[in-house]
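K.L.:
Structure for this input, please:
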Amino acid sequence: MKPRLVQVAREVGPHLKASGDRARREANLISLAPCDAQPIKIARPGRSLGFVTALTGYRKYLCPVCLSVMKDPVQTKCGHRFCRACILRISGPRQYAKCPVDNTWFYINGDMFDDVAVSREILVLSCMCDNEKNGCHWKGELFYLQEHLDFCDFCQVTCPNGCEQQYLRQQNSSHLQDCPLRMVECSQCCENVTAKDLTRHQLLLCPKLPVSCVLCGRNGILREEIPKHVSEEGNCPNTPIPCQFEALGCTTKVRRCDLILHIQSNTVEHLALMANKILIQEKLIEKQNTELEQLRRTTQSSHARILIQREKIMDDINERISQIEIQNSNSKRKNTEAT
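P.N.:
Below is the predicted model:
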C-alpha cells in the first residue's frame, strides 16, 4: 500500500469504525449484506480474499488487467481504474501508455492519479481472514486485515530456528519445545548445542562426559583427562611404558602393570647392561684423566717457558739500567772536570 493511500486510509478508517453508522457506509456506495450472506471470493495477487459484503456495482472495484480487487487504485484521464502495479507493468519504462480498455493514450506522470475515493471504499469492505481455511473466524474491514494478519494465530509461519518447518502461529510454543534446531544445554559441560546434535556432542565431543578407558576399561574418567590417563606419566595399568633401565640400553616397552615382572625376569640382562655401562664410563674417565694430564704437562711447560722469558727480560732491563747509570755518572764527571 502506497504511503499516501495508507495515510488517507488511517485518517478515514477510524472514523468509520467508531461511528458504526449504516448511513455513512451507504454514502460510500457500500451496502452491507446480512451476516449469513454468501462470501464473495475475489483473488488478490499472492492470496485469495473472502468478502462478506454484498457489493453494489462491485465490478468497479475489479482491475481490468488482473481481474482482482484493485490494490493501490489509480485512474487514467479516460476514467478507467487499474491497480498501480498492473498499469505500470503494462507501460514498462515508457512515459506514455495505451489504456487497456479503450486504447486511449495517456501520459504516465501527468494523466494518471491515485483514486482516493475508490481506495476508501475498498478499504472499508468487510472481508474474512486469509486463514479462514485454517479455522480463523475473524471478519473486519480490509483496512485492518494486515494488522490482524500480523498476529493471527491461524497464520502459517516458518520456524525461526531454521528447521524450515511450517505450522500455525498458535502452535509456535509447542513446536519450539520440540524443534530439532532448538538450543539446549549439555548437562555435562554446559555448552549450548542444537537438540539434534546433542547426542553426537555427548558421544564424541563433550570434554566433561565420563567415559571408559579403551586400554584398561576403567569407567568414570572425563574425556578431557583420557590423554593424561594413558600417557607414560599417567596411571593407566595397560599403557606401554619404557623399562626403567632404558638409559642403560634396555629397549623393551611393557605395560605399566607388567613393569615389575619385567625387571624381575631380566635382572641378569639389566646387570650386564649396567656393568657394560660402568666399563664404558671407566674408559671415558681414564681417557679424560689422560687428557687432563697432558693438559697439565703442557701448562707446566708453557709456564716454565714464560718464567725463563720473564727472567731474560728482567736481566735485559737491569743491564740497560746499569748502562744508563754509567753514562750518567760519566756525564757528571766530565761536567765537573770542565768546571
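K.L.:
What's the local residue count around Leu198?
P.N.:
18 (other CB atoms under 10 Å). Quick note: C-beta positions are derived from backbone N, CA and C, even for glycine.
K.L.:
and it, that's in a helix?
P.N.:
Yes: counting by DSSP: H, G, I helix; E, B strand; the rest coil, Leu198 falls inside a helix.
K.L.:
how far away is it from Leu176?
P.N.:
16 Å (CB to CB, to the nearest Å).
K.L.:
Within its sheet, name the partner strands of the one helix or strand Gln75 maps to and how each one runs.
P.N.:
Assigned by DSSP states H and E, Gln75 belongs to strand 73-76. Using DSSP bridges, the strands paired with strand 73-76 are strand 81-83 (antiparallel), strand 112-114 (antiparallel).
K.L.:
list the helices and strands the helix or strand following the first one packs on?
P.N.:
Elements were assigned by DSSP H and E; along the chain past strand 81-83, the next helix or strand is helix 84-91. Other elements packing on helix 84-91 under the criterion 3 or more CB pairs under 8 Å, 6 or more residues apart in numbering; DSSP states H and E are strand 73-76, strand 96-98.
K.L.:
could you pull out the helices for the protein?
P.N.:
Assigned by DSSP state H, the helices in the chain fall at 3-19, 22-27, 84-91, 116-123, 145-149, 172-178, 198-200, 226-230, 259-265, 267-338.
K.L.:
what would these look like in a markdown table with mean pLDDT?
P.N.:
Shown next, in a markdown table, are the helices of the chain (pLDDT from 0 to 100):
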| stretch | mean pLDDT |
| --- | --- |
| helix 3-19 | 41 |
| helix 22-27 | 34 |
| helix 84-91 | 92 |
| helix 116-123 | 90 |
| helix 145-149 | 91 |
| helix 172-178 | 93 |
| helix 198-200 | 92 |
| helix 226-230 | 93 |
| helix 259-265 | 92 |
| helix 267-338 | 89 |
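K.L.:
Determine which stretch of those helices is the most buried.
P.N.:
Mean neighbour count (mean count of other CB atoms under 10 Å) peaks for helix 116-123 among the helices of the chain, with a mean of 19.
K.L.:
Hmm, His80 and Pro73 touching each other?
P.N.:
No: contact criterion CB atoms under 8 Å: Pro73 and His80 do not qualify, at 10.5 Å.
K.L.:
The two: which is more packed in?
P.N.:
Comparing Pro73 with His80 by other CB under 10 Å, the one with more neighbours is Pro73, at 24 against 17.
K.L.:
Just the pLDDT for the more buried one.
P.N.:
Looking at Pro73, its pLDDT stands at 93.
K.L.:
Quick check: beta-bridge partners of it?
P.N.:
Beta-bridge partners for Pro73, by DSSP bridges, are Cys83.
K.L.:
With respect to Cys236, which of the helices of the chain lies nearest?
P.N.:
helix 226-230 (4.8 Å; CB to CB).
K.L.:
Name the surrounding residues that touch that closest one.
P.N.:
Val211, Cys213, Leu215, Arg218, Ile221, Gly234, Asn235, Cys236, Thr239 (CB atoms under 8 Å, 6 or more residues apart in numbering).
K.L.:
one more time with 6 Å, if that's ok
P.N.:
Applying CB atoms under 6 Å, 6 or more residues apart in numbering, the external contacts of helix 226-230 come out as Leu215, Ile221, Gly234, Cys236, Thr239.
K.L.:
Now for those: which two are most distant?
P.N.:
Greatest spacing in these, by CB to CB: Ile221 and Thr239 (13.0 Å).
K.L.:
that older thread, for Glu185, which of the helices of the chain is the nearest?
P.N.:
Closest of the helices of the chain to Glu185 is helix 198-200, at 9.2 Å (criterion: CB to CB).
K.L.:
got the helices of the chain as TSV, with distance to Lys60 columns?
P.N.:
Listed next are these as TSV, based on distance: least, CB to CB, whole Å:
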stretch	distance to Lys60
helix 3-19	17
helix 22-27	16
helix 84-91	15
helix 116-123	7
helix 145-149	20
helix 172-178	41
helix 198-200	60
helix 226-230	80
helix 259-265	101
helix 267-338	111
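K.L.:
Nearest to Tyr58, out of those helices?
P.N.:
When these are compared (using CB to CB), the closest one is helix 116-123, at 10.0 Å.
K.L.:
partners of Ala97 in the sheet?
P.N.:
Phe106.
K.L.:
ok now the strand holding Gln75, how far from the chain's centre?
P.N.:
Chain-centre distance of strand 73-76: 50 Å, with CA atoms, centre = their mean, to the nearest Å.
K.L.:
returning to what we had before: now the contacts of helix 226-230 as JSON lines including neighbour count and pLDDT?
P.N.:
Conversion of those to JSON lines gives the following (neighbours: other CB atoms under 10 Å; pLDDT from 0 to 100):
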{"residue": "Leu215", "neighbour count": "16", "pLDDT": "91"}
{"residue": "Ile221", "neighbour count": "18", "pLDDT": "92"}
{"residue": "Gly234", "neighbour count": "16", "pLDDT": "91"}
{"residue": "Cys236", "neighbour count": "22", "pLDDT": "94"}
{"residue": "Thr239", "neighbour count": "19", "pLDDT": "94"}
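K.L.:
Please identify which of those residues is nearest to Phe143.
P.N.:
Phe143 has its nearest neighbour among the contacts of helix 226-230 in Ile221, at 67.9 Å by CB to CB.
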